[in-house]
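**Q** sequence unavailable; structure follows:
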């Protein structure tokens, strides 16, 4: 099977070359990952007036939903799907929906 005297050294050399190439690829990828992580750390988190506005709108909707449920106690007995459908109609009747 092994008739060539350079087969084993050639095979070991090829394996070492492939390992060197793999090592260089790993070093390059890790450098890119470090650069990306530094870029992410430098960016500011997206917390701002948009998040505050969404929280306020959500709190406002919860308040109106409680008003809606308190107007008619039978509404609390409805399934959730029907409650929300009736709440959407109630909001439209009250003029609480945004107009396009």
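**A** Right, received. Where do you want to start? Remember, it's a predicted structure, so these values are computed and weren't measured experimentally.
**Q** can you pull the buried residues of the helix or strand harbouring residue 89?
**A** If you go by DSSP states H and E, residue 89 is part of helix 80-94. Buried residues in helix 80-94, counted by 16 or more other Cβ atoms under 10 Å: 83, 87, 90-91. C-beta here means a position set from N, CA and C on the backbone, and glycine is covered the same way.
**Q** now for that helix, which elements pack on it?
**A** helix 49-71 (3 or more Cβ pairs under 8 Å, 6 or more residues apart in numbering; DSSP states H and E).
**Q** residues contacting the helix it packs on, please?
**A** Contact with helix 49-71 is made by 75-76, 83, 86-87, 90-91, 96, as judged by Cβ atoms under 8 Å, 6 or more residues apart in numbering.
**Q** can you do 7 Å?
**A** 75-76, 87, 90-91, 96 (Cβ atoms under 7 Å, 6 or more residues apart in numbering).
**Q** buried set for that helix?
**A** So for helix 49-71, counting by 16+ other Cβ under 10 Å, buried means 65, 68-69.
**Q** pLDDT on the helix or strand hosting residue 13, on average?
**A** Take DSSP H and E as the rule and residue 13 turns out to sit in helix 7-42. On average, the pLDDT along helix 7-42 is 93.
**Q** and stretch 80-94, by the same measure?
**A** 91.
**Q** separation between residue 11 and residue 4?
**A** 10 Å (Cβ to Cβ, to the nearest Å).
**Q** residue 65 now?
**A** Taken as Cβ to Cβ, the span from residue 65 to residue 4 is 83 Å.
**Q** and what of residue 18?
**A** 20 Å.
**Q** secondary structure class for the residue of the chain most remote from its centre?
**A** For the chain, the largest distance from the centre (Cα atoms, centre = their mean) belongs to residue 3, which lies 59.8 Å off. With DSSP: H, G, I helix; E, B strand; the rest coil as the basis, residue 3 sits in coil.
**Q** show me the protein divided up by domain.
**A** Per automatic domain parsing, the structural domains of the chain span 7-42, 61-100.
**Q** can I get those in CSV with distance to residue 52?
**A** Below are the domains of the chain laid out as CSV (distance: least, Cβ to Cβ, whole Å):
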stretch, distance to residue 52
domain 7-42, 23
domain 61-100, 15
